[in-house]
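In: here's my sequence, what's the structure:
(one chain, ligands or ions: 1)
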Amino acid sequence: MSTIEFNGVNFSYQVGTPFEVNALHDINVRISDRSYTAIVGHTGSGKSTLIQLLDGLIRPTTGTIKVGNETISSTSSNSELGKIRSKIGFVFQFPENQLFEETVLKDISFGPQNFGKSEDEAIVLAKEAMQLVGLDDSLAQRSPFELSGGQMRRVAIAGVLAMKPEILILDEPTAGLDPRGQRETMQLFSQLHRKNNINVILVTHQMEDAAAFANQVLVMNDGNLVKAGSPNEIFSNPEGLIGNHLTIPKTTKVANELTKGGFRFDPYPLTLEELSRQVAKQLESGSN
Ligand SMILES: Nc1ncnc2c1ncn2[C@@H]1O[C@H](COP(=O)(O)OP(=O)(O)OP(=O)(O)O)[C@@H](O)[C@H]1O
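Out: Reported below is the predicted structural model:
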């Protein structure tokens, strides 16, 4: 079980210095086990701080974070933080920058070995992870640095998956990829969430991705969690959030225009596929 609970969490950088920044204010939220949560919000709103707390990279200034049966607070020891970190796989921005081994297989098996697995066990886990991310076996002995950008990113993601995390935190995982790479990467995470029951937490500036893949969206602004709800709740009525905290997903814009022209949507379409399906149905029946 890896349900996550933030209870009254505050975080300040550089406490007690003239440079103190209060980056998170009284965050209270529950993220269910095996859910897919998107965290959205403008630059500087506190998204990275929130996920670093979750990964035990920093401790809350006040309040607690519960991950399964473990709790993080301002007084947690390094070994307590370590227990939480062993449940979490963190895909940093541009994760391929952290590749360093001579071969793809060695790079992916480094993590499990570092966490105490034997070489043989680590290789089995690495091969499984290669399969999960769709990397062909024939690439195992290649240097990761000879691969394409998209493949390098898959190697880095496989390195995280080889450690069998219960929770996967993704920090802008499609940044710098071409549109096809972006689509494939997002589909990969969606599949991991559905088939492998991984709890996914995605930090993104792409509202389309939040709308299409997440079942819970957290909207951050200025260190506050200003809204939490299903993509439907957040995007079907985005007034008040737009401009301040969010950009409107393209699908929402199109759906709002079509509503003015007499179309009605139920459920509210969060993907272009759903939008076209509902429009086609209404055109066919002449009900718009
Ligand atoms: N190491 C640090 N020292 C001091 N202040 C920091 C530090 N890191 C972040 N901050 C400040 O904390 C606040 C929240 O920053 P954070 O990086 O969590 O935002 P973000 O939403 O992730 O932004 P982005 O989308 O640009 O990554 C901002 O005011 C930022 O300037």
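In: now check stretch 15-27, is it near the ligand?
Out: Yes: using C-beta under 6 Å from any ligand atom, stretch 15-27 reaches the ligand at 21, 23. Where C-beta positions appear, they are placed from N, C-alpha and C, glycine not excepted.
In: just the endpoints, please. Distance across that stretch?
Out: Taking C-alpha to C-alpha, to the nearest Å, stretch 15-27 runs 18 Å from one end to the other.
In: so how far is that stretch off the chain centroid?
Out: Relative to its chain's centre, stretch 15-27 lies at 25 Å (C-alpha atoms, centre = their mean, to the nearest Å).
In: buried sites along it?
Out: 23-24, 27 (16 or more other C-beta atoms under 10 Å).
In: what's the mean pLDDT across it?
Out: The average of the pLDDT scores along stretch 15-27 is 94.
In: got a list of contacts for that stretch?
Out: 6, 8-14, 46, 49-50, 53, 61, 63, 223-225 (C-beta atoms under 8 Å, 6 or more residues apart in numbering).
In: the helices in the stretch 1-150 of the chain, which residues?
Out: 47-54, 78-85, 104-114, 119-132, 149-161 (DSSP state H, counting those that start in this stretch).
In: minimum distance to Q182: which of those has it?
Out: Nearest to Q182, of all the helices of the stretch 1-150 of the chain, is helix 149-161, at 9.4 Å by C-beta to C-beta.
In: just the angle between whichever helix or strand comes after the closest one and helix 149-161, please?
Out: Following helix 149-161 in sequence order, the next helix or strand is strand 167-171 (DSSP states H and E). If you take axes from the mean of the first three to the mean of the last three C-alpha atoms, to 10 degrees, strand 167-171 sits at 150 degrees to helix 149-161.
In: re earlier: out of the buried residues of stretch 15-27, which is nearest to the ligand?
Out: A23 (3.5 Å; C-beta to the nearest ligand atom).
In: excluding chain neighbours, what is closest to the closest one?
Out: Residue nearest to A23 in three dimensions, not counting chain neighbours: T49, with 4.5 Å by C-beta to C-beta, 6 or more residues apart in numbering.
In: quick check: residues of the stretch 51-200 of the chain near the ligand?
Out: Residues of the stretch 51-200 of the chain lying close to the ligand (C-beta under 6 Å from any ligand atom): none.
In: where does pLDDT dip in the stretch 51-200 of the chain?
Out: Judged against pLDDT under 70, the stretch 51-200 of the chain has no low-scoring part.
In: residues contacting the residue nearest to A23?
Out: T49 neighbours (C-beta under 8 Å, 6+ apart): 11, 13, 23-24, 58.
In: how about 10 Å then?
Out: 9, 11-13, 21, 23-24, 27, 57-58, 60, 220, 223 (C-beta atoms under 10 Å, 6 or more residues apart in numbering).
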